[in-house]
Each structure stands twice: as structure tokens, then as C-alpha cells.
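Student: With the input below, show me the fold.
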Amino acid sequence: MRHNMFRHLAAILGCLTALTAQAQYVAPAVPTVQAAPAAINPYLQMMPVPVLPVFTLPNLGDITNSLPLAGMPIPFIGSLQQAPTKPYTMRPGIPQQTKKQMMQMMMPIMSNVMRMSMPDAMNWFSYKVKVKKGLTFDEVVESMMLRANKLNFKYVGNNLMWKDFRAVLGDMDAPRVEVHSFCDIAVGRDLLKISPEFLVFLPCRIAVMEDGNKDIWVMMLDWNLDWVGGYENQMGISPELSKGAIDVRNKMEEIMLAGANGEL
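Tutor: Next up, the predicted model:
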């Protein structure tokens, strides 16, 4: 019996010794490669505080039962219906109260969570390129016109806003601002066939502006068919129309870059 006791004690001491040795064991360091710090993207930064702001969304039951939504599809934002069989068919207008309710639902997310101000929102909607140093405003516009002509992109008008700032408002300190309009009539026609409402975006416009630092910029409304890649059929966009829209966007960008770089 005493022999068994010593044997048990020896086993316990052996386990303790093994555990102690394991606790004292230090794993060899594994070499790591330190990646170069990436440039900070202000639109991908997390909120500095761990607690999200508290906000209240409108009661969906009250909204969907309200009078302005009567007869509208639920959800009322859209129906994902294919284009009507008859071209140029205008859809029913959306009541202003309905638009207000939808925006009121989005505002807490945009302002509190995404921390998006009005200038931030406009920045997301714009595609802009800074003009190369040394180029004058007139040289930028001239390069744009030459490139548009080379691409057979029709020039359909302009809005020389800065002249009205001076003549109408008497503001002689306002920067020079011009909006120049272009059009691809074939693609524009095909877009209007499936959505007459697209007319509010036509013709395509490129703005040239001198900012507060005397830098010149060219910019346009940023739209890119890549954003809806894979959903063309659901949105009623045919392969031919998709190709045409991409071609228009590429030409607009080429015109902008020609102006920004002073290319002839």
C-alpha cells in the first residue's frame, strides 16, 4: 500500500513538473513583414466613439397606411418592373409627401451614422479632375471642344454662369463657372424609350470652375454602369443600350481629361 502511495505521489510530481516546464516554455518568435501604411481614406474611417448615436425611424405602419401612399406599390420605393411594352411610357409621379417620408427615413443614417453633410453628398455625386497647372480657363474649354469634335460628340450649348453673377448680381469677385452640354442623340433616344424620366439628366454636362484657391476643375455628374453590373436585365437595360451608355460615359471622361491636360 505504501508502495502504491509513493507511486501516485511520483506521478503527481511528474505532472506538476511537466506543467511547470510547459508554462515556462516560450515559443520562438515568428518573423513578420510590416506592410507599409496605406493612405487614409476619409470615407472609410470608423466613428471615433464605440457607441452609435441613438435615432428613431418613422413608424413604417403609419407611413404605409398614410393617404399619400394609396395605390402605390409596397415597398413604395420601386417595383423593379420591366420597361413598358410601349416606348416612351411615362410612369405615375411619386407624391412629394412620399419622397419626404423616404428621405426622412434616410436622414438619420446619412447624418448621424455616415456623418454626411450636404457638401459630402454632392462630392459623392460628382466626378472631377483638377486641371494641370499653367493652363488657362479658355485653354481648358478649347481642348474640350476639340476633343468632343474629334469624338463626333455633339456640342449643344452652354451656361456661362459667371457672367450672370456679374451682370445680374453685381458680384465681381465670384469665380469663373461655365457649364457645357454635349449629347449622343442615339443613346439619348434609347434611354428615353425605357425611361422618359431620364430626360432630367440630358443633355450630358461638363462643368469648368475656378475654385477659391484659383485652381481650375472640370467635373460632371458621376454615373457608371459598372455600379449596376449584373442587374441590367432587372432594370430593363438591353446589352445594346448598356454598350451605348458605357460609350457615352467614356467619351465624356475623355473630353474632361483632354481639357484638364490641355490636349489638342
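Student: Any stretches of the stretch 51-200 of the chain with poor pLDDT?
Tutor: 51-84 (pLDDT under 70).
Student: after the strand or helix carrying residue 141, next one along is what?
Tutor: In the assignment (DSSP states H and E), residue 141 maps to helix 137-150. Downstream of helix 137-150, the next assigned helix or strand under DSSP H and E is strand 154-159.
Student: And the helices in the chain?
Tutor: 2-24, 60-64, 96-108, 118-125, 137-150, 161-167, 185-194, 239-261 (DSSP state H).
Student: and of those, who's closest to residue 231?
Tutor: Ranking the helices of the chain by their distance to residue 231 (criterion: Cβ to Cβ) puts helix 239-261 first, at 10.9 Å. C-beta: built from backbone N, CA, C; applies to glycine.
Student: average model confidence for the closest one?
Tutor: Averaged across helix 239-261, the pLDDT comes to 91.
Student: Now do it: which elements does it pack against?
Tutor: Here helix 239-261 touches strand 126-130, helix 137-150, helix 185-194, strand 204-210, strand 216-221, going by 3 or more Cβ pairs under 8 Å, 6 or more residues apart in numbering; DSSP states H and E.
Student: so what strands line up beside the last one?
Tutor: Listed by DSSP bridges, the sheet partners of strand 216-221 and their directions read strand 126-130 (antiparallel), strand 204-210 (antiparallel).
Student: could I get those as JSON lines with mean neighbour count?
Tutor: Shown next, in JSON lines, are the strands paired with strand 216-221 (neighbours: other Cβ atoms under 10 Å):
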{"stretch": "strand 126-130", "mean neighbour count": "14"}
{"stretch": "strand 204-210", "mean neighbour count": "20"}
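Student: Kindly reformat the ones you listed as TSV containing distance to residue 220.
Tutor: Putting these into TSV (distance: least, Cβ to Cβ, whole Å) gives the following:
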stretch	distance to residue 220
strand 126-130	6
strand 204-210	5
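Student: Any idea how many residues pack against residue 218?
Tutor: 24 (other Cβ atoms under 10 Å).
Student: Touching, it and residue 205? I think so.
Tutor: No - Residue 218 lies out of contact with residue 205 (Cβ atoms under 8 Å); the separation is 11.0 Å.
Student: Count the residues that sit near the nearest residue to residue 87 once chain neighbours are set aside.
Tutor: Spatial nearest neighbour of residue 87, excluding adjacent residues (Cβ to Cβ, 6 or more residues apart in numbering): residue 193 at 3.9 Å. Using other Cβ under 10 Å, residue 193 is surrounded by 18 other residues.
Student: Check the one 3 residues further on too.
Tutor: Under the neighbour criterion other Cβ under 10 Å, residue 196 is assigned a count of 14.
Student: buried set for the helix holding residue 141?
Tutor: 137, 139, 140, 141, 142, 143, 144, 145, 147, 148 (16 or more other Cβ atoms under 10 Å).
Student: Could you pull up the residues touching the fourth one?
Tutor: In this case it means residue 141. Going by Cβ atoms under 8 Å, 6 or more residues apart in numbering, residue 141 touches 178, 180, 208, 259.
Student: Equivalent analysis for the first one, please.
Tutor: If you count contacts by Cβ under 8 Å, 6+ apart, residue 137 has them with 176, 178, 208, 210, 216.
Student: now, the most widely separated pair of those residues?
Tutor: 178 and 216 (10.6 Å).
Student: Surely the residue nearest to residue 87 touches residue 85?
Tutor: No - in this structure residue 193 lies outside contact range of residue 85 using Cβ under 8 Å: 11.1 Å.
Student: can you tell me which residues contact residue 250?
Tutor: No contacts exist for residue 250 under Cβ under 8 Å, 6+ apart.
Student: What separation do you get for it and residue 238?
Tutor: Separation of residue 250 from residue 238 (Cβ to Cβ, to the nearest Å): 18 Å.
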